[in-house]
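Chemist: My questions are about this predicted structure, shown below with the sequence.
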Amino acid sequence: MHEISTSGLLIGYLLLAIPLAILLWARVPMIPSVLWSVVRMTVQLLLVGFYLRFVFALNHLAINLAWLLIMIMVADGAALTGSGLRLRRMGPALFIAVAVGTLVPVLIFTGGILRLDSLFEAQYLIPISGMVLGNCLRADIIGLRAFYGAIRKNRGACQLCLTEGATLHEMTRPWLRDALEAALAPTVATMATIGLVSLPGMMTGVILAGADPMTAVIYQIAIMIAIFSGTALTVLLAILLSLRSSFDPYGNLDERIFR
Amino acid sequence: MQEPAIDISQIDVVLGGQSVLSSFSLQAETGEKICLYGASGCGKSTLLRCLLGLVIPRAGAIRIQSTPLNAQSIWHLRALMAWVPQDPDWGTLTVRDALLRPFSFRVNQSLPMPESQIPEWLDRLQLPESLLNKSTQDLSGGEKQRVGMVGALLLNRPILLLDEVTSALDSANRDRVREALDDLQDRTVLAVSHDADTETWADRRMDLGDR
């Protein structure tokens, strides 16, 4: 693979002159946040680069798992911030949902699809988990926000349903269905158009690294399936596991779950 | 002596920092029909919501057919009460699905499917059968209230809780609802109204604003 030199990367940064000039010209008040984001991106990715080098060289089970755990916890916090819900109430449920939604497809990937000797080999476990986790995170944000937002908005309908004799699960079933649909729709749409509109990042990476495009494609197919099954699993778990802490024992939505 | 169907004892309800009901008590005998009236904001609707476990009193006790209302019992007690809110909301369901929905819940599964009774009740409350395929969101306020009544009557529960169910009805339709209530023997009714004088079916009227 042809490496990018430091001077080459600096030319890459010069490319930023174009968006900055546009923002300046159109007086979009975004320049400070753009600069801040570019700095963060650079620092974060460089740190990850150094760290992954270290992790890959060691390839130690405990360190690989610790890395995964940290990724899941960061995702957990980000999902709750994005969904406008309170961390302390939903945290444990979401942690389990993200962990299971990520680990189940990833372990099937490393063990069943790649047939690695060690399921937790850093070179595979960490990037694949990262991709599945990122999608689980996005799906949980959409799913939780859709679910609790709809229940809050349809308070009267939910109350009538409860008084008709519905259990909490029976009452929330239609909203669960809608939330799953909303959370899964982006992945379904991506699968339907993948390769037509743009080449996915992972596939591009494998091709850039010098692999046969067909190898890249097969990886991408397996990844998309892992992502889709992970998102379905995580959204379902996030909603079902958070029910108990989001409603009072009488089945009324606890408004304190919202920020 | 028979236990009252509803026994509310010294309840305090605070909503949004405001006292809505304080030391409120009420007993309703089985088969008794009570009309509660009073100015809006005096806690009439809140009282019905307390019985249904939708609002939890800060103090006091509620017993339904001698069972104390709490977080465990409420899931069974709700099956003894049919509630018609002032502006029923069934989401996007059609009238037919709204009327049949309760029968899909586990707690009601021993009840016979009421499909054969639906036309009769619709007719009694002056609702055309063609309404069944209409979305509940497209109903007028008066139609919603009457569909809510039909739903409550189909469930055939011993206690009826009615929240201003005639507020959007014209006088002819009001009479229809009253006749239906008059015919309900041995059913306990607790209704809330802003105009008690017209609720001729009631055995007892109680001014909630004057306590």
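Modeler: That came in fine, so what should we check first? Keep in mind it's a predicted model, so treat the numbers as computed, not measured.
Chemist: In chain B, mark out all the strands, start to finish.
Modeler: For chain B, strands defined by DSSP state E occupy the ranges B:6-15, B:18-28, B:33-37, B:59-64, B:67-68, B:81-84, B:159-163, B:188-193, B:204-207.
Chemist: Quick check: neighbours of the fifth one in the sheet, parallel or antiparallel?
Modeler: Strand pairing for strand B:67-68, determined by DSSP bridges: strand B:59-64 (antiparallel).
Chemist: Format the CA atom coordinates belonging to the strand it pairs with as PDB.
Modeler: Extracted in PDB, the C-alpha atoms of strand B:59-64 (Å, rounded to 0.1, in the frame of the first residue of the first chain):
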ATOM      1  CA  ALA B  59     -51.600   9.700  50.900                       C
ATOM      2  CA  GLY B  60     -54.700   7.800  51.700                       C
ATOM      3  CA  ALA B  61     -56.100   4.400  50.500                       C
ATOM      4  CA  ILE B  62     -58.300   3.200  47.700                       C
ATOM      5  CA  ARG B  63     -60.100  -0.200  47.700                       C
ATOM      6  CA  ILE B  64     -61.800  -1.600  44.700                       C
END
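Chemist: Could you list the residues in contact with it?
Modeler: Contact partners of strand B:59-64, identified using CB atoms under 8 Å, 6 or more residues apart in numbering or on different chains, comprise B:3-12, B:23-25, B:50-51, B:68-69, B:77, B:80-81, B:159. Bear in mind the C-beta positions are built from the backbone N, C-alpha and C, glycine included.
Chemist: now the closest residue to chain B within the stretch 101-250 of chain A: how far from B:Asp175?
Modeler: The stretch 101-250 of chain A approaches chain B most closely through A:Pro249 (3.4 Å), counting by CB to the nearest CB. Using CB to CB, to the nearest Å, A:Pro249 is found at 42 Å from B:Asp175.
Chemist: Likewise for A:Val38?
Modeler: Note on A:Val38: its distance to B:Asp175, by CB to CB, is 73 Å.
Chemist: got it, and A:Tyr148?
Modeler: 43 Å.
Chemist: which strands and helices sit next to the host helix or strand of A:Phe95?
Modeler: Here A:Phe95, judged by DSSP states H and E, is contained in helix A:87-108. Applying 3 or more CB pairs under 8 Å, 6 or more residues apart in numbering or on different chains; DSSP states H and E, we find helix A:87-108 packed against helix A:61-83, helix A:122-153, helix A:213-246.
Chemist: Neighbours of residue 115, how many?
Modeler: Here I'm looking at chain A. The tally of other residues near A:Arg115 (other CB atoms under 10 Å in any protein chain shown) stands at 7.
Chemist: My question was about chain B, not that one.
Modeler: 12.
Chemist: so how far is stretch A:18-25 off the chain centroid?
Modeler: Stretch A:18-25 has its C-alpha centroid displaced from the chain centroid by 30 Å (CA atoms, centre = their mean, to the nearest Å).
Chemist: follow-up on the earlier one: could you tell me the angle between the helix holding A:Phe95 and helix A:122-153?
Modeler: Between helix A:87-108 and helix A:122-153, the angle comes out at 140 degrees (axes from the mean of the first three to the mean of the last three CA atoms, to 10 degrees).
Chemist: Centre of the chain to helix A:87-108, how far?
Modeler: Centroid separation between helix A:87-108 and its chain, computed with CA atoms, centre = their mean, is 11 Å.
Chemist: Repeat that for stretch A:3-21.
Modeler: Computed by CA atoms, centre = their mean, the chain-centroid distance of stretch A:3-21 equals 28 Å.
Chemist: For it, which outside residues touch it?
Modeler: The contact list for stretch A:3-21 (CB under 8 Å, 6+ apart) reads A:Ile31, A:Val34, A:Val38.
Chemist: Then stretch B:177-185?
Modeler: Residues contacting stretch B:177-185 (CB under 8 Å, 6+ apart): B:31, B:33, B:124-125, B:146, B:149, B:153, B:160, B:165-166, B:169, B:189, B:191, B:199-201.
Chemist: and of these, the nearest to chain A?
Modeler: Scanning those for proximity to chain A, where the rule is CB to the nearest CB, the winner is B:Leu160, at 11.6 Å.
Chemist: Please name the bridge partners of the closest residue to the closest one other than its chain neighbours.
Modeler: For B:Leu160, ignoring the flanking residues on the chain, the nearest one in space by CB to CB, 6 or more residues apart in numbering or on different chains is B:Val189 at 4.6 Å. Counting by DSSP bridges, B:Val189 forms beta bridges with B:Lys33, B:Leu160.
Chemist: What count of nearby residues applies to B:Val189?
Modeler: Residues lying near B:Val189 (other CB under 10 Å) number 22.
Chemist: residues in contact with it?
Modeler: Taking CB under 8 Å, 6+ apart, we find B:Val189 in contact with B:Glu32, B:Lys33, B:Ile34, B:Ile159, B:Leu160, B:Leu162, B:Leu181, B:Trp201, B:Ala202.
Chemist: repeat that for 10 Å
Modeler: For B:Val189, the contact set (CB atoms under 10 Å, 6 or more residues apart in numbering or on different chains) comprises B:5, B:28, B:31-35, B:82, B:159-162, B:181, B:199, B:201-203.
Chemist: cool, B:Leu208 as well?
Modeler: B:21, B:24, B:26, B:36-39, B:42-44, B:46-47, B:192.
Chemist: I'd like the residues you listed laid out as TSV, including neighbour count and distance to chain A.
Modeler: Converted to TSV, the contacts of B:Leu208 look like this (neighbours: other CB atoms under 10 Å in any protein chain shown; distance: CB to the nearest CB, whole Å):
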residue	neighbour count	distance to chain A
B:Leu21	23	17
B:Phe24	20	19
B:Leu26	19	19
B:Leu36	26	18
B:Tyr37	21	22
B:Gly38	18	22
B:Ala39	11	22
B:Cys42	20	21
B:Gly43	25	17
B:Lys44	25	16
B:Thr46	20	13
B:Leu47	25	14
B:Val192	26	15
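Chemist: How about the secondary structure of the residue of the stretch 101-250 of chain A closest to chain B?
Modeler: For A:Pro249, the assignment made with DSSP: H, G, I helix; E, B strand; the rest coil gives coil.
Chemist: nearest residue to A:Ala182 other than its sequence neighbours?
Modeler: A:Ala146 (4.3 Å).
Chemist: you'd agree that neighbour is up against A:Ala183?
Modeler: Yes. Taking contacts as CB atoms under 10 Å, A:Ala146 lies within contact range of A:Ala183: 6.9 Å.
Chemist: Please identify which of the two sits among more neighbours.
Modeler: Neighbours were counted for A:Ala146 and for A:Ala183 using other CB under 10 Å; A:Ala183 has more, 27 against 21.
Chemist: So the more buried one is in contact with A:Leu144, correct?
Modeler: Yes. The criterion here is CB under 10 Å, and A:Ala183 meets it with A:Leu144 at 8.5 Å.
Chemist: looking at the strands of chain B, which is buried most?
Modeler: strand B:81-84 (a mean of 26; mean count of other CB atoms under 10 Å in any protein chain shown).
Chemist: Now do it: distance to the chain's middle.
Modeler: Put simply, strand B:81-84 sits 4 Å off its chain's centre (CA atoms, centre = their mean).
Chemist: Could you do stretch B:16-24 as well?
Modeler: Centroid separation between stretch B:16-24 and its chain, computed with CA atoms, centre = their mean, is 21 Å.
Chemist: For chain B, give the helix that spans the most residues.
Modeler: Taking DSSP state H as the criterion, chain B has its longest helix at helix B:141-155.
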